[in-house]
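Colleague: Quick one, fold the following:
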Amino acid sequence: MKSPALLWILLTGLVLGSACYRPGRFVWVDDYREPQAQQDDNYLIRRGDIITVNVWNQGQLSSPRLRVRDDGRISLPLLNDVDAAGQTPAALARAVEQRLKDLVANPVVTVVVDEAQPVKVSVLGEVRNPGNKQLVPGAGLLQAVSEAGGFTDYARDDGLFVLRREPGYQAPVRIRFNWELLSRNEGNAATFRLRTGDVVVVE
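Modeller: Next up is the predicted model:
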């Protein structure tokens with residue numbers, strides 16, 4: 001049986017620890033800037049997506065409904081394999097145009113995603129149903145939390161984070177959200193879109 005004095009010390013320590021809560025290094029979502037290559041479009045082509053590559057006025061070079069293979073590539077007439085996964089449709093169109101310049105005068109290419117694979121993320125921490133979740137393309141943090149059953153009673157309003165791998169960084173970028181602003185659709189939180197591989201953490 002612990003003495004009342006010891007219990008009071010333990011309780012005081014818990015309260016002080018809560019008051020001194022430090023979430024570690026992070027960047028607020030309003031200060032987060034995606035890499036330039038990903039600002040051209042809100043969607044990155046993924047393995048398993050079905051896309052159409054259209055070369056204007058060159059029907060024999062156009063390719064409808066190509067599935068992006070497990071190696072992240074597609075096969076195009078005269079060009080053979082082209083890297084597609086991880087690029088925006090606009091970036092892929094520019095890459096195909098560049099490779100066609102030796103074959104076609106002033107090629108104009110458009111890329112359309114016909115069928116997108118679901119966004120696959122993990123939701124961890126103070127949610128009622130944590131684990132791996134599949135979301136529709138373009139889903140944000142609200143959809144991820146909803147898919148995980150909502151918050152537990154211990155979740156912090158300012159303890160929402162997305163861990164995201166970015167090129168050039170050894171550790172994931174830790175993006176912080178405020179629940180009140182998110183629920184009111186204010187700031188960058190309203191337009192933030194999750195990507196496959198993101199980890200949502202609710203503290």
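
Colleague: now Ile175, nearest residue through space, not along the chain?
Modeller: Distances taken as Cβ to Cβ, 6 or more residues apart in numbering put Val162 closest to Ile175, at 4.5 Å, once the chain neighbours are dropped. Where you see a C-beta, it was placed from the backbone N, CA and C, and this is true even at glycine.

Colleague: Hmm, the one you found is touching Gly197, no?
Modeller: No. In this structure Val162 lies outside contact range of Gly197 using Cβ atoms under 8 Å: 10.6 Å.

Colleague: Those two: who's more crowded?
Modeller: Val162 (24 against 14; other Cβ atoms under 10 Å).

Colleague: Output the strand or helix carrying the more buried one as PDB, nothing but the C-alphas.
Modeller: Following DSSP states H and E, one finds Val162 within strand 160-164. The C-alpha coordinates for strand 160-164 follow below in PDB (Å, rounded to 0.1, in the frame of the first residue of the first chain):
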ATOM      1  CA  LEU A 160      -2.100  15.200 -34.600                       C
ATOM      2  CA  PHE A 161       0.800  14.400 -36.800                       C
ATOM      3  CA  VAL A 162       1.500  13.000 -40.300                       C
ATOM      4  CA  LEU A 163       4.900  11.300 -40.800                       C
ATOM      5  CA  ARG A 164       6.000  11.500 -44.400                       C
END
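
Colleague: Tell me the strands beside the next helix-or-strand element following it, with direction?
Modeller: Under the assignment DSSP H and E, the closest C-terminal helix or strand after strand 160-164 is strand 173-177. Strand 173-177 pairs in its sheet with strand 27-28 (parallel), strand 160-164 (antiparallel), by DSSP bridges.

Colleague: mind listing what's buried in the helix or strand that strand 173-177 is followed by?
Modeller: Once the chain leaves strand 173-177, the next helix or strand it forms, by DSSP H and E, is helix 179-183. Across helix 179-183, burial judged by 16 or more other Cβ atoms under 10 Å covers Trp179, Leu181, Leu182.

Colleague: where does helix 179-183 sit relative to the chain's centre, distance-wise?
Modeller: 19 Å (Cα atoms, centre = their mean, to the nearest Å).

Colleague: Please name every helix or strand in contact with that helix.
Modeller: Counting contacts by 3 or more Cβ pairs under 8 Å, 6 or more residues apart in numbering; DSSP states H and E, helix 179-183 is packed against helix 141-147.

Colleague: who touches the helix it packs on?
Modeller: 121, 123, 127, 129, 133, 135-136, 151, 160, 162, 177, 182-183, 189, 192, 194, 200, 202 (Cβ atoms under 8 Å, 6 or more residues apart in numbering).

Colleague: Let's see that with 7 Å instead.
Modeller: 121, 123, 127, 133, 135, 151, 160, 162, 177, 182, 189, 192, 194, 200 (Cβ atoms under 7 Å, 6 or more residues apart in numbering).
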